[in-house]
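Asker: Whatever this is, show me its structure:
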Amino acid sequence: MSPTVQLTPEQVAFYHENGYLSLPQISPPEEVAELREIYDRLFAARTGRDTGNQFDLAGADEEGKEESLPQILGPSQYEPRMLETHAWANARVIAQALLGGDGSDIGQGDHAILKPARHGAPTPWHQDEAYWDPNFEHQSFSIWMPLQDTDQAMGCMAFVPGSHRAEIYRHRPIGGDVRVHGLELDEELDLEKAVFVPTPAGGCTIHSQRTLHYAGPNHTDTPRRAWILMASRPGKPRTTPRRFPWQEVQQTARAERASAKTD
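Answerer: You can find the predicted model right below:
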């Protein structure tokens, strides 16, 4: 599939200055419709649950309980057609523009987060790097693409401009519950400058791994479907050690399922 997007120098500069960017379209309507069908099928089947790739991001992930923020890691591994899309090809072009170089060392990945109609939980303020190995320096970003028009009532993305220049803030499992995989900011910060970014179906927002971001609850009658495409360079070992204590206390069911599958 051929890419259809080229970032302008102004867009690249805006991203590096603010830590986020929005684009009106990286996937055409007919492709979005196909992706929506694939997406709904994968979530209905809870695809990847036995390997720890499907779980409730905002809850304790207990069997028999309704999920408020279900997630699937690597949906494209279960449906390779997702890799043959304009969205995936455009993500590659965006990665080269934002990360620089010839792109030969850039890896891509994906995950999907669903906010069910009327009860989809908020995604609390956090930085993506808080989830990752603290022993490495990371260079990465995420492309967040909704599969339906998404406004603030449905849970569009919000960012704090310039927050990507900070170090990693203190986090904790959502609600302080160590059984929960999702993380939330555990510091009092000034979020008054936060910018909410309503996004059309097939459009996207892009944010750095250190940019503070949030997505509110879904108050609408329509499920909020988001496919997130990630691009990164290989992590480089840090010269000075650091710890993410919030990772050390987590005891999640999804990690247990993943461990049991590999034992």
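
Asker: got the CA positions of the helix or strand containing residue 233 in CSV?
Answerer: Secondary structure assignment for residue 233, by DSSP states H and E: strand 224-237. Provided in CSV are the C-alpha atoms of strand 224-237 (Å, rounded to 0.1, in the frame of the first residue of the first chain):
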residue,chain,number,x,y,z
ARG,A,224,-15.1,4.7,20.9
ARG,A,225,-12.7,2.6,18.9
ALA,A,226,-9.1,3.7,18.7
TRP,A,227,-6.3,1.9,16.8
ILE,A,228,-2.8,3.1,18.0
LEU,A,229,0.2,2.6,15.8
MET,A,230,3.6,3.0,17.4
ALA,A,231,7.1,3.7,15.9
SER,A,232,10.4,3.6,17.7
ARG,A,233,14.1,3.3,17.5
PRO,A,234,15.8,0.5,19.5
GLY,A,235,16.3,1.6,23.1
LYS,A,236,19.8,2.6,24.2
PRO,A,237,21.1,1.4,27.7
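
Asker: Of all the residues in it, which ones are buried?
Answerer: For strand 224-237, the neighbour count (16 or more other Cβ atoms under 10 Å) marks 224-233 as buried. Where you see a C-beta, it was placed from the backbone N, CA and C, and this is true even at glycine.

Asker: Of all these, the one with the weakest confidence?
Answerer: Ranked by pLDDT, the buried residues of strand 224-237 bottom out at residue 233 (94).

Asker: which non-adjacent residue is nearest that residue?
Answerer: Sequence neighbours aside, residue 139 is the residue nearest to residue 233 in space, at 4.5 Å (criterion: Cβ to Cβ, 6 or more residues apart in numbering).

Asker: if I read this right, the one you found contacts residue 98, doesn't it?
Answerer: No: applying Cβ atoms under 8 Å, one finds residue 139 not in contact with residue 98, separated by 9.7 Å.

Asker: Between those two, which has more neighbouring residues?
Answerer: When neighbours are counted by other Cβ atoms under 10 Å, residue 139 and residue 98 differ, and residue 98 comes out ahead with 21 against 18.

Asker: just the strands in the stretch 51-200 of the chain please.
Answerer: Taking DSSP state E, counting those that start in this stretch as the test, the strands found in the stretch 51-200 of the chain are 54-56, 70-73, 107-115, 123-126, 136-146, 157-159, 171-173, 183-185, 195-197.

Asker: Direction included, what does the third one pair against?
Answerer: Put plainly, it is strand 107-115. Partner strands and pairing direction for strand 107-115 (DSSP bridges) are strand 70-73 (antiparallel), strand 224-237 (antiparallel).

Asker: Identify the residues contacting that strand?
Answerer: For strand 107-115, contacts defined as Cβ atoms under 8 Å, 6 or more residues apart in numbering pick out 39, 42-43, 57, 69-76, 82, 88, 91-92, 95, 120-121, 123, 154-155, 215, 217-218, 223-234.

Asker: and with 6 Å instead?
Answerer: Residues outside strand 107-115 that contact it (Cβ atoms under 6 Å, 6 or more residues apart in numbering) are 43, 70-73, 75-76, 155, 218, 224-232.

Asker: Next one: residue 129 from residue 106, what distance?
Answerer: 17 Å (Cβ to Cβ, to the nearest Å).
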